[in-house]
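In: Structure, please.
(chains A and B)
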Amino acid sequence: MKRVRDIAMLLRPGDYVVLLLGLLLVAMLFSARLQNPPGQMLVVRAKGQVVAELPLHMQRTLSIAGTLGNSLIEIVDGRARVIGDPGPRQICVKQGWISRAGDALLCLANQVTLEIPGQSAGYDSLNY
Amino acid sequence: MPKREIILPIAAEDRRIAKLAAIAIGLTLAEAALPSPIPGVKPGLANIVILLVLLQHGLKAAASVSVIRLLAGSLLLGSFLSPGFWLAASGAAASLLMLSILQYLPEKFFGPVSLSILTAFAHISGQLALAWAWLLPSTGILALLPFFALAALIFGTVNGLIVTRLIAGKPDMGAQSAHV
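Out: This is a model prediction of the structure:
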């Protein structure tokens, strides 16, 4: 309890407001994200150019040439991931699978990006 | 030919900034060696130094330390002019812009914790804005936003508490505060 009081001593009234607003913002961002539906397509870019657009329901692996070398991409069961990347920090590999509209994987060093675009009403072929 | 001598006088101010920048660079390097639980998320320990410098020596000194840290840190880590460097640079620029506004907040109500949290949010905003404009011009980047925002809130709060503690522990240093 003494610890909690020690920390409270360090805060000023406005700090609580900022903390609360920060928490609210983070909660809003997370809840907005969870409402995203599963995606249909995977858009792959290399050096800013679209190099492949693939349906997520088709299982396949492909190799994409970036600035450093090839990034290896896998699509299985409506999800996509990067299996191998020449980047030094392997961030996009460690991020694992993406499946929802709005999800993305960025292999920054190799300038390869994977993205599942959000559905827009204009391309809905089932509803008029 | 007349002999020309160029003398660059070193003021006490220069030494102080060099010393503070060295600490910030040290923290940057230490942090780079830490394994990160979430890719791309770092605690931003160097921000503790930059915030302290702002509160004790003003915005100009804080900006100097930030720029020196950015350049020297990236040279030492080998990321100078890489995409990661530009992301760090845009984050630092957004942070400094935010601090330049925040220094006018009433000190009575808003402590270092507020400055730290808001600057952390500015930092990720700057980084994600560049990533969005340059690397992924679409909505895709938004998927990463909640995680970066959560990290900014947590580390911003912790760093702010550390700064408050450090300032409280050294009231004599706080005496030359340039915080208006």
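
In: near chain A, anything from the longest helix along chain B?
Out: Longest among the helix segments of chain B by residue count, using DSSP state H, is helix B:145-169. Yes - using CB under 8 Å from any CB of the partner chain, a contact is recorded between helix B:145-169 and chain A, made by B:145-146, B:149-150, B:152-153, B:156-157, B:160-161, B:164-165, B:168. The C-beta positions use only the backbone N, C-alpha and C, and glycine is treated the same way.

In: Using neighbour counts, trim the residues you listed to the buried set.
Out: For those, a burial check counting by 16 or more other CB atoms under 10 Å in any protein chain shown picks out B:L145, B:P146, B:A149, B:L150, B:A152, B:L153, B:G156, B:T157, B:G160, B:L161, B:T164.

In: Just give me the closest of the residues you listed to A:Y16.
Out: B:T157 (11.1 Å; CB to CB).

In: Report whether the expected contact of B:V65 with B:K19 is present.
Out: No - with contacts counted by CB atoms under 8 Å, B:V65 stays clear of B:K19, the gap being 9.6 Å.

In: who's more crowded, those two?
Out: Applying other CB atoms under 10 Å in any protein chain shown to B:V65 and B:K19 shows that B:V65 carries more neighbours, namely 27 against 11.

In: got a list of what the more buried one touches?
Out: B:V65 makes contact with B:I17, B:L20, B:A21, B:A24, B:V49, B:I50, B:V53, according to CB atoms under 8 Å, 6 or more residues apart in numbering or on different chains.

In: what sits up against the host helix or strand of the fourth one?
Out: Looking back up the chat, that one is B:A24. Using DSSP states H and E, B:A24 maps to helix B:12-33. Residues outside helix B:12-33 that contact it (CB under 8 Å, 6+ apart) are B:42-46, B:48-50, B:52-53, B:57, B:61, B:64-66, B:68-69, B:72-73, B:76-77.

In: With stretch B:149-161 instead?
Out: So stretch B:149-161 is in contact with A:7, A:10, A:15, A:19, A:22-23, A:25-26, A:29-30, B:38, B:41-45, B:47-48, B:51, B:111-121, B:123-124, going by CB under 8 Å, 6+ apart.

In: Where helices are concerned, which of the residues you listed count?
Out: A:7, A:10, A:15, A:19, A:22-23, A:25-26, A:29-30, B:47-48, B:51, B:112-121, B:123-124.

In: Give me the buried subset of the residues you listed.
Out: Of the ones in helices among the contacts of stretch B:149-161, these count as buried by 16+ other CB under 10 Å: A:10, A:15, A:19, A:22, A:25-26, A:29, B:47-48, B:51, B:112-121, B:123-124.
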